[in-house]
Structures are given as C-alpha cells and as structure tokens.
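S.K.: Got a sequence here, can you model it:
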Amino acid sequence: MTTDHGLTTEYTEFTVNLDAAATAWGFSYTNTFLLRFSHYDNAPADGTLPPYAGLGLDEVRVTGRVRGDYDFGDAPAPYPSTLADDGARHGRSAGPFLGALCDYEGDALPSWNALGDDAEHAADEDGVVLAGALVPGDSVPVTVTATASCFLDVWVDFGQNGSWSDPGDQVFAAQPLNAGTNALSIAVPAGAVLGANAFARFRVSSAPVGMPTGAAADGEVEDYRFEIVPPAPVVSAEPSHTPGTENTVFWSAVTGADTYRAMLSPDPAFIGSPVTADWAPLAEHTFAGLDEGLFYYRAQAGASVPGHEETWGQSTAAAFEQGTRTGTEVDAAGAVTLAHASGRSFTVGGGVPFLRSTFTGAVRGNVFKAAAGAVLTRVEFLLERAAPTAVQIIVYEGGANATDPYTLVLTRDLGTLPVGLDYADSGPFNLPLTANLHYLVGVAAQGTVKTNRNPVALPPETEAFGTWVKVYYADTYPAPAAIPGTNPGTSLNGYCQRLAFRNTTDYASPGTCVSPVVAPDPLAAWNTLEYSAMVPGAASLTVDVLPASGTTPFPGFTGLVSGASLAGLPLEPVRLRASFATSNNTQTAALHSWGLRWRTEADRVVAGPWSGAVWSRQDQLPPAVAEVTLLDASPTRSATVSFGVRFTEPVEKVEGTAPFDDFAVSAGAPPGAAVTGVSGADDLYMVTVSTGGGVSGTVGLRVLASGGLHDALGREMAADYDAGPGYDVDFTPPTVAEITPLDGSPTNAPLVRWRVRFSEPMTDAPTEAPFAGFSVEGVTGAAVIAVVAEPDACVVTAATGPHDGDLLLRVLAAASPLRDRVGWPLDGDALSPGAYAVRHLDWAVQPPATVQAREGQALTLHAQATGGVGGTAHQWFFSPEGAKAFEEVPGAVFPAWLIGSVLSSQAGDYYCEARDAWETIQSTTTRLEVEDSLPAASAARLALCAAALAMAGARKARRGKAERP
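M.R.: Have a look, this model is predicted:
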C-alpha cells in the first residue's frame, strides 16, 4: 500500500484509498484496526521506525460513509433523494426487489443521470425495461421484474420541472406485481414536455408506499432518467413521378419539436442505402443529385436538449491551498496574491534528533541575523519534560556582531508545562526586527528538559527573515535582562524550533498558482473558463490551461480571459495555472475565484419515431429499355420463343394485340419469324415470337420508339432498342462430316482409331459399351472398345483381333444416341472412306523337326517371317540336350543361320523368333543331331532332304504382344 510518495519540503496533500487497501490488508468494514503512517526519508514499507530524521505530518483525516441499512434513490436535486430531503428509502430486507440486485447506502448518492449508486456500487437498476420512447399522448409498454409478489408505485416527471407532485405524474399506484416479469403500459399525457430529463421513480414493497418520499420497511427504489420525444410528423403525399434530379419532401410541424430530418432509400424498409439529412428547423427537405429510380421517404421530429453541465471551482483559502503555489500566497480574504518576501514559517532542526541536548535552569536558543523588514510573529521550541517545569519563550536583541551583548526584548511566560514532548508555544505576537542586528531566539527552562539538535539547512525563502548564525546557551533562569555575547557557539547543529514571521517589504515577483488536476468523468466537451480577479495597473495576471502533468500549456489555451470558450480543448484531465507579475512591488493581482464548466454529455436531439413512408419515382429521363432477356433455352428448335423486356420505368400504351406496333423481330431473322403476343404491365413485359417456317437462323427482338409507348409524364423512347440477345434457331439435323483414321496402315497394332467429326457440336456420345451407333467390319474378331467425346467429334477405338483383313468403321444413325444442342438426332449413316489393312506377322519358312549333321560339317538353319510393319528382326535360340531352358544364340540374327563347323556340343533343340513393333512369333523347334562322321554324299543328301521338308511341310506358330507403344 505504501511507496515513496515523493514528498518534498513544500506542503503536499495526498490520499490513500482505504477501500482499495481492504483486500490487500485483509480487513472488512466491521473490523477495528490501527493505521500507522510512516513519513521518514528512508522508512521501510513495513511500518517499522527508521533511525534518521524525517518529514512533518501536519494532519491526518480518515473519511468514509456510514454503513448503510437503506436502499435510496439517486435522482438529482431538486428531487427528494437524500435523507435530509426525506428521500425514498427501503430498509434492508430479503425483498421484494426490482430485478436481481439491491444495494444499500447510509444516504442517497444522487447524480445528474440517476446512476449515482450504480457508479458507487453494483449496477442495481435492473428491474425496469421500456419497450420504446415516451411520446406525448401515446402509451409505451414497460416490463417490470420483481423477485416476489409485491406492490408497485411509479412517478414520472412528465413536466421535467424537478417535481413528482404534478397531476398525472403518478402512473401506477399500488399496482400488484407477480414474481417474475410483469407487462405494463405507461400512458404519457398529451401535454408532456419534450426533453431528456423525465426522471422516474419506481418503488416496490410488500405494502403500497403511496409517496415518492419516506421510508418503507422492505422493498427497493430505482430511479431512471427517461426521454420524452415528439410524435412522428405526417409526410405529405408524393406524386407518382418526380421529374429531374431533385425532390422536396414536406411534412407537418410537431408541437414542441424544434428540429426535423428526413430519410431517403430505394428500400421500402430503409435498410438498403439510406440517406439521412442533417437536423434542421424547417418542416421540409430537398434531396438533390438523385438518380433515376423509385425512392421512399420518411421524416422524424426532434427536440434539441443541451448536454448536462458540471462545474469545478476554487474560491476559498482552503480550496486554494489544495493547489501548488510558487511565489504566491493566500491572503486573509482567501484570495491568491503574489507572496510577500516572507509571511511564512520555518523549522530549524527536525523532529527526529541528530543530537539530544539536556539542560536544567538554563537558556538555549539560535542566533539569527535579521533581514530588512522582518517581523517575528511566533516562536515554538521542542521540549521533552520528564517532570512539570516552568518555561519561558525569550528573544534577545544583540548588535551588528554575533559576539555583542544581548538585551532581552521579549519574554513569554508559559507557566508550568506538564510532562510531555511537544512544542512550547509563545502564541502570536509582533516583534519588528532591526536589519543586520543579531537576535537570540530560544527558551528558558527552570527544570530539566531535553531538546533535539540537527544540522541547519534552511530553505531560500527564509532569507526574508534572516540568516541562522549559531546556537547560544547560558546557564541561568529566569532569563536575565541582558547576557553577554561572548559565547562562540560554533556548532552547526541548531536547536529544534519553529519560527513564524512576516516582512514589511514589497511583494515578490513573479509567482504562480496551479490548481489540482481536474478530471471529469464522463467528459463530452469542455465549455468555458471563468475566474474573478482584481488586477491593479502595475500588476498582471494570465490564466493558462495545462495538461495533468508538465508545465507547457495546451496550444491555443494561454492568456485566457474569464468566460473564454474551451471548445477544442482535448478531452483529458487538465489543470489551471495563474501567472502573477508586477512592475510595482507595492501592487499585486488578487485571484478571488476560478473554475471550469464542461458537458458530461454532448448537446443532442431527442428524436421521436419515424413517420410512415411515401414514395415517388425520380424520372429525369425518357423511358428506355433496361434489358432484354431470353425466357427460353437457346439454341432452340421450338416454333415459338419468349423475350422478357424490362424498361427503366413503368410505361403505358403498350399494344397487347396485333399488329404489336411496339415490337418487331430483329433484322436478318429467318423468313416467317414474327411477334405473336405481348403481355405485362408497369416496367416488365413478355413478348412471344414465332420462329418462322423451319429455317435456321438468329431471332432477336427490337423495341420500337415509334410504336407509341411512353412513361407517366408522356415521354416516348428516344430511339429503337435492338441490342438484346437473340435465339439461335436450329432446324437442321446433324450429320457425319468426315471419318479420319488416326493411325498408320497397313498395321498389325492391337488397336486402331478414327475421329468421326460431325456437322455441329453433339451431346450424349455413347462412351460406354456397347457404344451404340458405332461398329467395325472387314476383319473377323475386330470390335469397338472405346468412344471419347469431343465438342464436335468422337474418337472411336477398335481392337483389330487376331485375323488379317481390311478394317472399316460404320456409323449407324438409327442406333446412335447422339443429339445436337437442340435435340436433333444424327441424320444418315456413314462408312469410313478407307480401311485399315490389318496384316499380322506369319512364317513363310520354318526349320524341319530334325536335322542331322556330322561333327565338323557346315550347316545352315532356315526360318523366314512375312507380314507386320516397320521391319522384322530374327533371333535363334538354343537348348542343349538335357537342358530345359532356351538361350539366345549370340550373332544368330539372320533368317538363314550358317553354322560353319558343327560341334558335338551344339547338338540340341533350336527355334527362331521374329518380332516387329507390335508382335513376336516363334518358329517350330528343330532338333540338331550331331554324328561323329557321315559320308559326304550322305551328308549332302541329308541337307537337301532337310531343306525340302522344311519348304514343303512347314507349320506355322506365332506369339503376339498385347500392347501398344
């Protein structure tokens, strides 16, 4: 709770908030407790005493409120709220209450907005809710919440004159309430005064209270600040169409209202894009810059009310002492003036001893050299007395030197002082001192006493009294008429005493007086500065406004005169500073009072309900077509289509029967296209058009300016309109435009493709089996396996199968689900103009089943493939006798493979493999038998036989790849 507060030798007032300390210190308002104020230079925060000198604590005040046993209202004066005014009050009880909360006070806490006890305690004004504003001559629903069954009494100051005793002010008398919410209605008198200060008092109790004052044993009182607003004006009817870009709206005047405003919106609910005019005194308003269109208007009446004003001021000595003064003083009349060169008191030494001095039957004191004009007015000397003793306050006058003899010039016998430690006080007197003479100021005690001695350090302002020279002591009592001045008294530790003096010389200059911080809450606007001062001709006084800290005034708020406006002053805490100066030291300005005015709330308008709405179409242009839309699908093959036509405003004289002079089909429409019907009203019409006699083309709509249609003001269209969209009329069925193969031919690929392009974009392509409408022919086993749709084509993929032949694609219109954009089916079959020549790999020559050769003999194996595409590669494979696997024979890559010298290790099985980009086939296997020796003739015959057998009786065998690159 305690910190270094920054106290100086100047007078300082500070406040400790004991409410805030309650939690930290752990006490309640029912506890008895002791407060210790530690006020030494280096005192610890725990309250223990320090060993060194400190500051004087002149006064301690503990303030607070009596613990309350009543709930009071908080409406401001002159309403009776406080105990002194017999204000409404309800004793502490268990209820019934208004709403959920009730607080208790020792006395009322009235405030300008009837929220005083809410600001001090919990917000307990929670039992009453108005459903709307108070309007003279009208009723407003009000919901009152009670904690138990009870009686309700309510007063509303409809006259806003500070009284609840006028006829009609009591709106409910002993009204029974049920526990929970109660729906009631307040009838507002027709003569109710408009404004923001219709204070209301709601009281509930177990028994009717009958009056807005006095005590009740239980229950609760809640005060509210209501507004009484003007009723809605009546807006004059508007014409259906208003030419130009401006419109002036008029309405009736409302009794008591002094300002009005209007609202415009294209939205009848005034939610979308509203435009609200400023408050103005006239019962009319002109809206300018309006676009073409329909607008709604309404008006509202209001009453101007000033915001509540609060004030702060200082006009007494006690009030001015709360500020900070430099070179100024408060005179006997309570005004702030320039300070005399003295006129104050000072202390020599301190209350906590640096040294303790004990003496008996002696004189002790301090010697001063007097300044010109000094007048000593009081002497106090700190003494500790263990037993009662006689004491004198004494003043001796010496000479120009401190060692000159001293003569007694003032004695104050204080009698016998009791046991204690305090200042022996001379009381007031006036003793003019002679400039530059030395004076011994002290005490003479008969018995044994103690006093404090401390190093002397006097503030500069004591120079108007004089300067401290030394201490003096003489062991004699009572004080003799004269004493010698030979005592050197060289110690720098003065005796503890307080001296008061004044000076007859002129006023000092300059000086200032700074007010305490003024911190309004709430603060809506600063109003004015006011002060009263007397300023002689040679003196001057200027007043500035300062921030809460610092010495630099707010720009533009210096040298202010009384009554100066504070408009524009920042909304923050401020201080006032008065600066005094004089060119004649016998004259000084005197500040008698000063103060500030501010608004706790801004000036405002209490606004009544909005009027009913009127409307008018702002019509600054002749009618035109805003847009033409297609109401049916396009493209179309329908015999009739419809157009939507929207005009920029309602139009009249639209021909709804033939020949339909206001509409025509667009230029270039198919033969026979024509308008066949018109219907609609205001700004929307539907036009029906025949699409003609089966010829494809574009059918659009023209709106003709020459047809005679016009707006409510009689203005016709300025020009024809033909910029709208048209229907794409399609009476031509689609056909196959071309079929193009996408792969090479001849081919032995497993798959081939065609692109079938149509005469127009198509839909409903058969992309899943059985791919209706597409088939292949010319090769046994070939089939369509995929269809991919493109905007105006289909890509058809077919599997070629295992057989050779010429493969064709056929499109069958009757079986196809394909449709164009308007639903026409495909018209006419189609056959691909060229065929894929499907040619698979096959063997023309294969090796015989067995070949015999002698070891060392030359031998050629033959195998020759035909068909396929892109060139054929051959490779021979060998499996030795007894082996299971075949391996490639390195270098054996020719259809006729020559073995230059057969070895016995080459005996075994052989076959040849042929392959191209798509297929691989394998020949029959031949067995090579190697003998040790064969006759040459026999060998030749065997070779010829083998070749003949291979050519005559070869078998075919193939193996194909089931993939594409």
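S.K.: which helices and strands does the biggest strand by length in the chain pack with?
M.R.: Longest strand in the chain by number of residues (criterion: DSSP state E): strand 438-455. Counting contacts by 3 or more CB pairs under 8 Å, 6 or more residues apart in numbering; DSSP states H and E, strand 438-455 packs against strand 355-370, strand 374-385, strand 389-397, strand 466-474, strand 493-495, strand 497-503. The way it works is simple: take the backbone N, C-alpha and C, and place the C-beta from them, glycine included.
S.K.: possible to save these as a markdown table with mean pLDDT, distance to Ala114 and mean neighbour count?
M.R.: A markdown table is the format used below for the helices and strands packed on strand 438-455 (pLDDT from 0 to 100; distance: least, CB to CB, whole Å; neighbours: other CB atoms under 10 Å):
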| stretch | mean pLDDT | distance to Ala114 | mean neighbour count |
| --- | --- | --- | --- |
| strand 355-370 | 93 | 61 | 19 |
| strand 374-385 | 93 | 51 | 22 |
| strand 389-397 | 97 | 59 | 23 |
| strand 466-474 | 91 | 60 | 20 |
| strand 493-495 | 89 | 60 | 22 |
| strand 497-503 | 87 | 50 | 21 |
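S.K.: List just the one of those that sits closest to Gly195.
M.R.: Ranking the helices and strands packed on strand 438-455 by proximity to Gly195 (CB to CB) places strand 497-503 first, at 55.8 Å.
S.K.: after that closest one, next one along is what?
M.R.: The C-terminal neighbour of strand 497-503 among helices and strands, as given by DSSP states H and E, is strand 511-514.
S.K.: contact partners of that next one?
M.R.: 320, 323-328, 336, 338-339, 546, 575-581, 591 (CB atoms under 8 Å, 6 or more residues apart in numbering).
S.K.: let's go with 6 Å and repeat that
M.R.: Contact with strand 511-514 is made by 323-328, 336, 338-339, 575, 577-580, as judged by CB atoms under 6 Å, 6 or more residues apart in numbering.
S.K.: With respect to Ala371, which of these is nearest?
M.R.: Of all those, Ala371 sits closest to Ala339, with 14.9 Å by CB to CB.
S.K.: you'd agree that closest one is up against Pro510?
M.R.: No. Applying CB atoms under 6 Å as the test, Ala339 and Pro510 come out as separate, 10.3 Å apart.
S.K.: if I pick the nearest residue to Val367 once chain neighbours are set aside, what's in contact with it?
M.R.: Spatial nearest neighbour of Val367, excluding adjacent residues (CB to CB, 6 or more residues apart in numbering): Val469 at 4.4 Å. Going by CB under 6 Å, 6+ apart, Val469 touches 367, 369, 402.
S.K.: Run a quick check on the last one versus His438, I expect a contact.
M.R.: Yes. Using CB under 6 Å as the test, Ala402 is close enough to His438 to be in contact (5.1 Å).
S.K.: Give the residue from the two that has the larger number of neighbours.
M.R.: Counted by other CB atoms under 10 Å, Ala402 and His438 do not tie: His438 has more neighbours, with 26 against 19.
S.K.: so what sits against both of Ala402 and His438?
M.R.: Counting by CB under 6 Å, 6+ apart, the residues touching both Ala402 and His438 are Val367.
S.K.: For Ser904, give me the backbone phi and psi.
M.R.: Note on Ser904: its backbone torsions stand at phi -70, psi -30 [degrees, to the nearest 10].
S.K.: Repeat that for Ser706.
M.R.: phi -90, psi 0.
S.K.: go on, Asp223?
M.R.: In terms of degrees, to the nearest 10, the main-chain angles of Asp223 are phi -110, psi 140.
S.K.: surely it meets Phe72?
M.R.: No. Using CB under 6 Å, Asp223 is not in contact with Phe72; the gap is 9.0 Å.
S.K.: Give me the more crowded residue out of these two.
M.R.: Legend: neighbour count by other CB under 10 Å for Asp223 and Phe72, higher for Asp223 (29 against 25).
S.K.: can you pull the pLDDT of that one?
M.R.: The model reports Asp223 with a pLDDT of 96.
S.K.: again, but for the one 5 residues further on
M.R.: Here the pLDDT value assigned to Ile228 is 97.
S.K.: For it, give the beta-bridge partners.
M.R.: According to DSSP bridges, the residues that bridge with Ile228 are Leu134, Gly195.
S.K.: Pull the contacting residues for it.
M.R.: Applying CB under 6 Å, 6+ apart, we find Ile228 in contact with 134, 192, 194-195, 198.
S.K.: Neighbours of Ala131, how many?
M.R.: 11.
S.K.: re the thing from before, neighbouring strands of the longest strand of the chain in the sheet, and parallel or not?
M.R.: strand 355-370 (antiparallel), strand 374-385 (antiparallel), strand 389-397 (antiparallel), strand 493-495 (antiparallel).
S.K.: Can I get those in a markdown table including distance to Thr486?
M.R.: Formatted as a markdown table, those follow (distance: least, CB to CB, whole Å):
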| stretch | distance to Thr486 |
| --- | --- |
| strand 355-370 | 13 |
| strand 374-385 | 23 |
| strand 389-397 | 14 |
| strand 493-495 | 19 |
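S.K.: Of those, give the one that comes closest to Pro522.
M.R.: Distance to Pro522, taken as CB to CB, is lowest for strand 374-385 among the strands paired with strand 438-455, at 47.4 Å.
S.K.: For the stretch 51-200 of the chain, which residues score under the pLDDT cut-off?
M.R.: Where the stretch 51-200 of the chain drops to pLDDT under 70, the residues are 51-67, 118-125.
S.K.: any idea how far Ala148 is from Glu627?
M.R.: 67 Å (CB to CB, to the nearest Å).
S.K.: Which one's more surrounded, these two?
M.R.: Ala148 (16 against 13).
S.K.: for that one, what are its contacts?
M.R.: 95-96, 179.
S.K.: and it, how far is that from Gly856?
M.R.: Distance from Ala148 to Gly856, by CB to CB: 133 Å.
S.K.: Quick check: chain neighbours aside, which residue is closest to Asp827?
M.R.: Pro733 is the one closest to Asp827 (CB to CB, 6+ apart), at 3.8 Å.
S.K.: What count of nearby residues applies to that neighbour?
M.R.: A count of nearby residues for Pro733, using other CB under 10 Å, gives 18.
S.K.: Let me know the helix or strand that it is in.
M.R.: Per DSSP H and E, there is no helix or strand for Pro733.
S.K.: So what does the residue lying closest to Ile394 once chain neighbours are set aside look like in phi/psi?
M.R.: Counting by CB to CB, 6+ apart, Ala479 is the residue found nearest to Ile394 once chain neighbours are left out, at 4.4 Å. Per-residue torsions, Ala479: phi -60, psi 130 (degrees, to the nearest 10).
S.K.: residues contacting Ala479?
M.R.: By CB under 6 Å, 6+ apart, the contact set of Ala479 is 363, 392, 394, 408, 444.
S.K.: Report the contact partners of the last one.
M.R.: Translated: Ala444. Listed by CB under 6 Å, 6+ apart, the contact set of Ala444 reads 363, 392, 394, 477-479.
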